[in-house]
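Engineer: turn this into a structure:
(chains A and B)
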Amino acid sequence: MNQLGFPILTILVALPLLAGIVCLFTNAATARRIALAATLADLALGIILWLNYDIGGAQWQFVESVPLFGRFAWALGIDGIALLLIVLSVFLMPICILASWDAIEKRVPEYMAAFLLMESLMLGVFAAQDLFLFYLFFEAGLIPMYLIIGIWGGANRIYASYKFFLYTLLGSVLMLIAMLWMAREAGTTDIPTLMAYDFPVSAQTWLFLAFFASFAVKMPMWPVHTWLPDAHVQAPTAGSVILAGVLLKMGGYGFIRFSLPMFPEASAEMMWLVFGLSMVAVVYTSLVALVQNDMKKLIAYSSVAHMAFVTIGLFAFNRQGIEGAMMVMLAHGLVSGALFLCVGVVYDRMHTREIDRYGGLSNNMPKYALLFMFFTMASVGLPGTANFVGEFLALVGAYDANSWVAAVATTGIILGAAYMLYLYRRIAFGEARTAEAARMIDLSPRELVCLVPIALATLWMGIYPESFLAPMRQDVGALLARIERARPAGDAQLAMGKTTTILTPAAHAGAH
Amino acid sequence: MGESLFFTLPEIILSVSGLLLLLAGAWGGDSHTGRISLVSALALIVAAFVAVDPATHGSAFHGLYTSDAFSAFAKVLIYGAAAVAIIVAPRFFAREASLRAEYPVLILFSAVGMGMMVSAVDLLTLYVGLELQSLAAYVLASFMRRDLRSAEAGLKYFVLGALASGILLYGISLLYGFTGTTLFSGIATAARDGISTGELFGLVFVLAGLAFKISAVPFHMWTPDVYEGAPTPVTAFFASAPKVAAMGLLVRVSVEALGPASLSWQQIVIFSALASTILGGVAAIGQTNIKRLLAYSSINNVGFALFGLAAGNAEGVAATMSYMAVYIVMTLGSFLCVLQMRDADGQPVETIASLSGLSRTRPALAAAFAVFMFSLAGIPPLFGFWPKFLVFDALVGVGMWPLAMIGIATSVIGAYYYLKIVKTIYFDEPAPAFAPAESQIERGLIAISALAVSPLGYLGIPFLAATSAAAAKALF
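Structural biologist: Got it, this is the predicted structure:
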C-alpha cells in the first residue's frame, strides 16, 4: 500500500465523483453544501498528502495499482511535481464552489455535479500512473467542461463550447495513436517504466509531434490558443478559474511527464519550434491583451503569454528553467484564478465585463481595489509574489539555453506590466463612468473568503518558495538526468569559456 | 445427419417456434400479439444460450455450416438485439393501430437467416441465409402499410437490396467458376498460389454486395431513407442485428475464404472504412431528423469497425467484433430513447429540434441520451471509446499507424454532430415536453444500456476481450 495505510489517491479521486452523483438527486441548497463539504474534504486529503509526502524519499509515492481493466490498470501514484499540481487543484476547488454560491441560480445540482466530476478527472490526470488511464482522465475532462460552458456560460456560449471541445479533442486523438504505438514498442503501459524507456530516435520525432498536438492545444500555445479566449469569456466565473487554474496546467504537466523524459532527443530537436511559438506568444498575445475591452478576454490573453514562459522554461533543458516553469504554472494557477474571481465579483454586480463601464472602484470598493491591486502586481511579476519567482527562474533558465529567447521573453514582463496596470487604472482609478459602478458595494465576507487565501498563498510562494521547490527538486533532478544526453549546447557560455560556475546545478542547489 | 441437426440447434429452435407462432397468430388473431412477442423473445434468449454452449459447436452438413466461438459471439449479439426489437414493438404499433402478430414472427425468421449468415462456410449457405434475413427485413420496413413513408422505405430497401443480392450472386458465381468450389476452405486453397483476375472480380463483387448490407460507403445511400421511413422499432432492429450478421459474414468471407488474398481486399476495406467514417460524419451534420442522423451515425460506426478488419489479423477481427458488441448497445439505447419521443398526444416526433431542453423536462432520459451520444462519439470515459481504442490499436499493431492517425482524426468530425444533439438537449430552451414514459420495460432497457456504456463498462473489458479473442481465434 503506501505510507498512510489507506489508498488516499483513490479516495481523493473518487470522493468528488460520488458527491457529484449525490448532488444530482438533491435540491439547490443541499447540493451547494454537499459540494463545499466534498471539496473541503478533498482539500483536507490534499494537505494530508502533502504533509506525508516524503521529500527525498522514493520517486513515486502513495502508489496503488489494481489490474482492473485487462489492458490497463488502475494505477495511481505521485511524485513531487504531481503533488504540487494536485494540491493546487484541491485548493482552488472549494473557492470555485464558493464563487458559484450565489452567482449560479439555475440548475444548481447539475452545476455542482459537473464541477465535482471535473475535480475527480483533474486529480485523476495528475495521479494516473498508467498511460491509458491518464488518457481517459485527460479526455474525459472535456465532457463536464463542455457542459459547464454550454449551460451556464455567457451569450455566445454554444460557439465557445464547441470550439473548446473540438479543438482539444482533435489534439488529443493523435496522442492516443502515439500512446498505442508506445505501449506496443515498450510492452508496458506503466508511465514510470515508459519514462525510463529509450524510444528509437527515428520514432521520437513523430511521437513528440503527436503529443505536442495535444499538449500545445491544452497549454495553449500560439497559434492554437484561439479556443481559450472564447472559452474563458463565455464560461461562468468558476469555470474560468478552473480552466486557467488547472486545465491549462495539464498541458505543461504533459510536457514534463511525457514529452521531455520519453522523447529527449526529439525534444531537443524541436526546441526551436517550441521557443519560436513561445516567443511569438509572449509578444503577440501581450499586445493583443493590451487592446482588449473585455476584462475576461484580457486576462485570457495574458494566460497565453504566461503559459509561454512555462514552455520556454521547460525546453531550456536546465534546472532553473524547469523549476521556474513549474513555479509559473503554480503561480499562474493562483493568480489568474484570482483575477477571474475579481472579474466575477464586479460581473455579479453589474453584469458586464466591459472595462469602459467601470472606473473609480477604489472609492466605493476599497477592499476589492486592494486585493485586485495585489493580484495585478502578482500577475506583473512583482518580487515577493509567486509569479516573480517562477518567471525569474524560467528566464534564467532560458538565458542559459539561448540569450535571444530570454531577451524576447523578457519583453513579455514589460508588456505584462503595461496591460495589467492599464487594466487596473481603468477599473479602479479615476471617476466612475457609470452610476451603477459608483453604487457597487464592497466585497462580501464570502468573496473575501475566496480571495484572501489565494493572496496569502501567492505571498507564501513569493517569499518562501522553498516550500514548493523542495518537493519537486528531486524529480526535476531525475528529469534532468534523463534529458541530459540530448541537451543542446546553450549560447550563454560561449564567451565565458569554462567559467560557468554560477549556473551549474550543483551551485544552484547550494544557493537555496 | 443427427449431429448436423444438433449443431444447428439455435436455428431449429427459432424456426420451429417461428412456425408455431405463425400458426398461433393466424388462428388467434392480432389480439395475442403481446403473448406471441413474449414467447418469441424467450425463444431468442434460449437460442442464444444454446448457441454459446460449446457442445453445439462443430461443422455440419458436410462443411456447409459451422458453429464455433465466432458464430456464437455474433449470435448472442444478434439474438439479443432481435429480442429487444420485439419487446419494444407492441406498444409502438398499438399506438399506430397496426399491431399484427406477424411482427415477432418475421423477426424470428430474420434471426434464423442472420444465424445462418454468421455460421455460413459455404457461398450457398451464405446466400440462403442472407436472403432469408433480407426478405423478412423488406416486409418489416413497410410494416406500417398505411403509412406512406414506411411503404416507400420498404420498396426502396427491396429494390436496392435486390440489386445488391444480384451483385453478390454474380460475385459468387465468378468465384465458383474460377475456383470450382463454393466452400470457403476450397476457395482459400485455390487462392493460395495467387488469385486470378476472375477471382479478383468475384471478390470485389462479393465484397460490394456485403458492403451494401452493412451500409458501408459507397453502398450506403439506402440507409438514411430506410431508417427514416421504417417504424422506429424496425429501424432499431435494422441498425443493430443485421449489421452484426453482415459484419460477421464479411469477416468470415474475408478471412476464411479470401484470407490468402488479403492484400487484395485490404485496400477495398481501407477505402470503404475511411469513406464511411468521413461521409458518415460529414453528411450527418446537416440532418434535422433524429432517425436520419442515427442512420449516418451507423454508417460512421461501421467504418470504424471496418478498420479492425483492415488490420487483417486475429487481433483486428477481435476488435471488429468487440466494436459491433458495444455498437449495438449504444445504437439500441439511442433508438430506445427515440422511441420515447412522443408529443403530448402520443404521436411520435422525430425532429432533433423537439429534443430541445430535454434535460429540464425529462432529466433521466436526457442523461441517457447524452451518454449514448458521447459514447457513440467515442469520448472517454464512456465505453464507446474502448472499441475505437481496440480497432486503432490493431491497426498500429500491424504498422498501419498513418491510417490510424487519419481514421481517428475523422472521429472528430463525427464528434461534432453528436455534440450538437447534446447541445440541443442541454443548452437550448425547452421545447414542449414529451408525453411521459409509459413502459417500465423500455425505461429499464434504456437504463441497462446506458449503464453498460457508462464507465462501468470498463470493468467488462476482460470478459469482452476473452470472448472476442476466442471468436477471432476460431477463424484463424
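Engineer: contacting residues for B:Pro10?
Structural biologist: Counting by Cβ atoms under 8 Å, 6 or more residues apart in numbering or on different chains, B:Pro10 makes contact with B:Ala47, B:Ala48, B:Val50, B:Ala51, B:Thr56, B:Ser67, B:Lys75, B:Tyr79, B:Gly115. For glycine as for every other residue, the C-beta is placed from the backbone atoms N, C-alpha and C.
Engineer: check B:Asn289 too.
Structural biologist: B:Glu228, B:Glu350, B:Thr351, B:Ile352.
Engineer: what about 7 Å?
Structural biologist: Residues in contact with B:Asn289, defined by Cβ atoms under 7 Å, 6 or more residues apart in numbering or on different chains, are B:Glu228, B:Glu350, B:Thr351.
Engineer: nearest spatial neighbour of B:Pro462, chain-adjacent residues omitted?
Structural biologist: A:Gly70 (4.1 Å; Cβ to Cβ, 6 or more residues apart in numbering or on different chains).
Engineer: quick check: phi and psi on that neighbour?
Structural biologist: phi 70, psi -80 (degrees, to the nearest 10).
Engineer: what about the closest residue to B:Pro260 other than its chain neighbours, how many neighbours?
Structural biologist: Setting aside the residues directly before and after it, B:Pro260 is nearest to B:Ala191 in space (Cβ to Cβ, 6+ apart), at 4.4 Å. Look at B:Ala191: counted by other Cβ atoms under 10 Å in any protein chain shown, it has 23 neighbours.
Engineer: so B:Ala191 sits against B:Glu199, correct?
Structural biologist: Yes: the pair B:Ala191 / B:Glu199 is scored as a contact, 6.3 Å apart, by Cβ atoms under 7 Å.
Engineer: report the residue spans of the chain with pLDDT below the cut-off.
Structural biologist: Using chain A. A:1-2, A:492-512 (pLDDT under 70).
Engineer: hmm, no, I was thinking of chain B.
Structural biologist: Checking chain B against pLDDT under 70 turns up B:1.
Engineer: centre of the chain to the helix or strand where A:Val274 lies, how far?
Structural biologist: Secondary structure from DSSP states H and E places A:Val274 in helix A:271-290. Computed by Cα atoms, centre = their mean, to the nearest Å, the chain-centroid distance of helix A:271-290 equals 18 Å.
Engineer: likewise stretch B:147-164?
Structural biologist: Using Cα atoms, centre = their mean, the offset of stretch B:147-164 from its chain centre is 18 Å.
Engineer: again with stretch A:215-230
Structural biologist: The answer for stretch A:215-230 is 13 Å, by Cα atoms, centre = their mean.
Engineer: then stretch A:390-400?
Structural biologist: That offset, for stretch A:390-400, works out to 18 Å (Cα atoms, centre = their mean).
Engineer: same check on stretch B:289-298?
Structural biologist: 14 Å.
Engineer: how about it: buried residues?
Structural biologist: B:Ile290, B:Lys291, B:Arg292, B:Leu293, B:Leu294, B:Ala295, B:Tyr296, B:Ser297, B:Ser298 (16 or more other Cβ atoms under 10 Å in any protein chain shown).
Engineer: and residue 8, how many neighbours?
Structural biologist: Let's take chain A. 22.
Engineer: if you could check chain B rather than the one you did, that'd help
Structural biologist: Using other Cβ under 10 Å, B:Thr8 has 20 neighbouring residues.
Engineer: hang on, isn't it packed against B:Tyr65?
Structural biologist: Yes: with contact defined as Cβ under 7 Å, B:Thr8 counts as touching B:Tyr65 (6.3 Å).
Engineer: before we move on, the earlier item: for the helix holding A:Val274, enumerate the helices and strands it packs against.
Structural biologist: helix A:295-314, helix A:403-428 (3 or more Cβ pairs under 7 Å, 6 or more residues apart in numbering or on different chains; DSSP states H and E).
Engineer: give me phi/psi at residue 74?
Structural biologist: As the question left the chain open, I've gone with chain A. When read as degrees, to the nearest 10, the backbone of A:Trp74 gives phi -80, psi 80.
Engineer: ok, B:Leu183 next?
Structural biologist: Dihedral angles for B:Leu183 - degrees, to the nearest 10 - are phi -70, psi 140.
Engineer: does the helix or strand hosting B:Ala367 come close to chain A?
Structural biologist: Here B:Ala367, judged by DSSP H and E, is contained in helix B:363-377. Yes: judged by Cβ under 7 Å from any Cβ of the partner chain, helix B:363-377 and chain A are in contact via B:Phe374.
Engineer: what's the first helix or strand after that helix?
Structural biologist: Helix B:363-377 is succeeded, C-terminally, by helix B:385-397 (DSSP H and E).
Engineer: contacts for that next one?
Structural biologist: Under Cβ under 7 Å, 6+ apart, the answer for helix B:385-397 is A:177, A:180-181, A:184, B:304-305, B:307-308, B:310-311, B:315-316, B:319-320, B:322-323, B:326-327, B:378-379, B:401, B:403-404, B:407-408, B:411, B:458, B:461.
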